[in-house]
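>>> fold the following for me, if possible:
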Amino acid sequence: MRIEEDGEMSNTREITYREAVREAMCEEMRRDENVYFMGEDIGVYCGAFGVSKGMIQEFGEERVRETPISETAFVGAGVGSAITGMRPIVELMFSDFMAVCYDQIINQAAKMHFMFAGKVNVPMVIRTAAGGGTGAAAQHSQSLEQMYCNVPGLKVIIPSTPYDAKGLLKSAIRDNNTVIFLEQKKLYKEKGPVPEEDYVIPLGVASLAREGTDVSVITYGRMVQMSLQVAEKLAAEGISVEVLDLRTLSPLDRDAVIRTARKTRRVVVVHESVQFAGFGGEIVSTIADSDAFYYLDAPIKRVGGLYCPVPFNPSWRPAHFRRRSVLRPQYGIRCNLL
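Got it, this is the predicted structure:
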């Protein structure tokens, strides 16, 4: 087993984000008989996005458990099994449905370790599809990661690549805390290199997706790929953009955030979720509360969704995101991010 960041891995192949998530679950279920998987339509139907294809055939109905359409019931069952020694992976079709089982997540899973003086752990992973871009409208397109980052006792992960999805999910399954694992649905078909050998990625460690010297874009999830596309366009104009992929929002790699801000002296924070009260504010305050603030040559800029539900109408969807010149004149740089 390898831990990321210690050198090159051999025998890589190109697989999709969806396949990487499946591989992580299957490998951990083979490794540990206490790991099991449950959720709605995850068996024969393979889940809403086909992630669990073939799993029920390999592991059977005892370890790939179909549930009723009651998030409250099966997330609560996951909490109960976790405190008795199991390691459940719970799939919610859409992250929007986490609102249905908010009590089980916030008041039970996140609190039990603290309420019982550390004598109880809740090693549960809640996997769910998040974000917009698929025409699923207001109740199936939200990005709610900031809500869970505000809850002590939860860890929050949003991978941007198949490589990260597999390595981070394996670490999440082995973690003794409840982990919210958000998979932005527009990424499921994206391909990337993933090693055949066993590896894990430590939680709470950001990844430098692109090195640069003129401005830092700090982001996560699907916005990483979009930011890299912008960075490539700006490189043709002689502008060097650094892209920091947070990967884990809680715990947050504050050192990486501060390091990139000090290096380039200009920062743009980008996320798909609504900009108002979004996670970007935490990034800005991390920089403002550190000595990196005194290195800045321009105000920090944020880019996020508008303060409105994601529309169903295809012609209105792009308006949900701000199409704006995010690298302002005071940076000496201009580029439309979205």
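
>>> ok, residue 231 - contacts?
The neighbourhood of residue 231, defined by Cβ atoms under 8 Å, 6 or more residues apart in numbering, consists of 210, 212, 217, 241, 243. C-beta coordinates here come from the backbone N, C-alpha and C atoms, glycine included.

>>> may I ask which of those residues has the most neighbours?
Within the contacts of residue 231, most neighbours by other Cβ atoms under 10 Å means residue 217, with 32 neighbours.

>>> tell me which element that residue is part of?
Per DSSP states H and E, residue 217 falls inside strand 215-219.

>>> which of the contacts of residue 231 fall in strands?
Secondary structure from DSSP state E places 210, 217, 241, 243 of those in strands.

>>> ok, so of those, who is nearest residue 45?
Ranked by distance to residue 45 (Cβ to Cβ), the ones in strands among the contacts of residue 231 are led by residue 243 at 36.7 Å.

>>> now for the closest one: which residues touch it?
The contact partners of residue 243, taken as Cβ under 8 Å, 6+ apart, are 208-210, 212, 216-217, 219, 224, 227-228, 231.

>>> before we move on, what about residue 46?
The neighbours of residue 46, taking Cβ under 8 Å, 6+ apart as the test, are 52-55.

>>> could you export those as CSV, including neighbour count, distance to residue 16 and pLDDT?
Compiled in CSV, the contacts of residue 46 are given as follows (neighbours: other Cβ atoms under 10 Å; distance: Cβ to Cβ, whole Å; pLDDT from 0 to 100):
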residue, neighbour count, distance to residue 16, pLDDT
52, 27, 14, 90
53, 15, 11, 94
54, 11, 14, 94
55, 20, 16, 95
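
>>> quickly list the domain ranges of the protein.
Split into domains by automatic domain parsing, the chain comes to 2-200, 207-331.

>>> burial count for the closest residue to residue 266 other than its chain neighbours?
In this structure, residue 266 finds its nearest non-sequential neighbour in residue 215, 4.1 Å apart by Cβ to Cβ, 6 or more residues apart in numbering. Look at residue 215: counted by other Cβ under 10 Å, it has 27 neighbours.

>>> with residue 281 instead?
Here the number of neighbours of residue 281 (other Cβ under 10 Å) works out to 15.

>>> with residue 149 instead?
Residues lying near residue 149 (other Cβ under 10 Å) number 18.

>>> equivalent analysis for residue 128, please.
Residue 128 has 21 nearby residues by other Cβ under 10 Å.

>>> for the helix or strand encompassing it, packing partners?
Assigned by DSSP H and E, residue 128 belongs to strand 125-130. If you count contacts as 3 or more Cβ pairs under 8 Å, 6 or more residues apart in numbering; DSSP states H and E, strand 125-130 packs onto strand 87-94, helix 162-174, strand 178-184.

>>> circling back: can you pick out the most distant pair from the ones in strands among the contacts of residue 231?
Of all pairs drawn from the ones in strands among the contacts of residue 231, the greatest distance, 8.5 Å, lies between 210 and 217 (Cβ to Cβ).
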